[in-house]
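**Q** any chance you could fold what I've pasted below:
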Amino acid sequence: MSNTNLLAGVQCPRCGYDERFRIAGTVWLDLTDDGTVPSDDHARTDHEWDGDSITECPECGYMGRFSRFDGVPEGAIVRGGKPEQLTEAAKQDPAVQAARRDLDGERIAKLEAKAAYFDLALDNMLWRANVQPAATPAQVRDMICEAIQDANRGRESATGNRRIP
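**A** Sure, this is the predicted structure:
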């Protein structure tokens, strides 16, 4: 019986694409004076790859080890071994929406933040600082900027969160 779910849980960490990937594997070839050809030895015609195999997303061109194609977005904040995403309720908070509008321009560019960091850094900030809906847009914006700066530096925060390389 063949395995039909090889891509279960496999996803590009940059763009989220999950349909197919290019992966560098090991194969057996016969070396001759004319070059290399696939091996005639049927016991050695298979190919191998593992979590360390270089993998490329054909959609966005992201390259990395296959183990990074685990559905965890690039730059994700990890707590307790699990990546954290911004909740839908937090996205609807007026202070968060105002801060997102403010961050859409020059401040993000100055911080050299990747777009993928935004929601994850914001979630980290909300969890870390326990921001309430009554927070002012300026307070939320400043804490988001601090969280994004921490994520861009790749350092652990006071809560022990870490950035995935």
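**Q** so what's residue 15 up against?
**A** 57, 59, 60, 62 (Cβ atoms under 8 Å, 6 or more residues apart in numbering). For glycine as for every other residue, the C-beta is placed from the backbone atoms N, C-alpha and C.
**Q** could you rerun that using 6 Å?
**A** Contacts here follow Cβ atoms under 6 Å, 6 or more residues apart in numbering; on that basis residue 15 touches 59, 60.
**Q** ditto for residue 50
**A** Counting by Cβ under 6 Å, 6+ apart, residue 50 has no contacts.
**Q** now swap in the one 3 residues further on and tell me
**A** Counting by Cβ under 6 Å, 6+ apart, residue 53 touches 23, 24, 66.
**Q** how about the contacts made by residue 60?
**A** 14, 15.
**Q** three-state assignment of it?
**A** coil (DSSP: H, G, I helix; E, B strand; the rest coil).
**Q** quick one on the thing from earlier: so which of the contacts of residue 53 is the most crowded?
**A** residue 66 (18 neighbours; other Cβ atoms under 10 Å).
**Q** check what pLDDT residue 47 gets.
**A** With respect to pLDDT, residue 47 scores 78.
**Q** swap that for residue 127, please
**A** pLDDT, residue 127: 52.
**Q** where's residue 35 relative to residue 29, distance?
**A** 9 Å (Cβ to Cβ, to the nearest Å).
**Q** who has more neighbours out of the two?
**A** Per other Cβ under 10 Å, whichever of residue 35 and residue 29 has more neighbours is residue 29, with 12 against 8.
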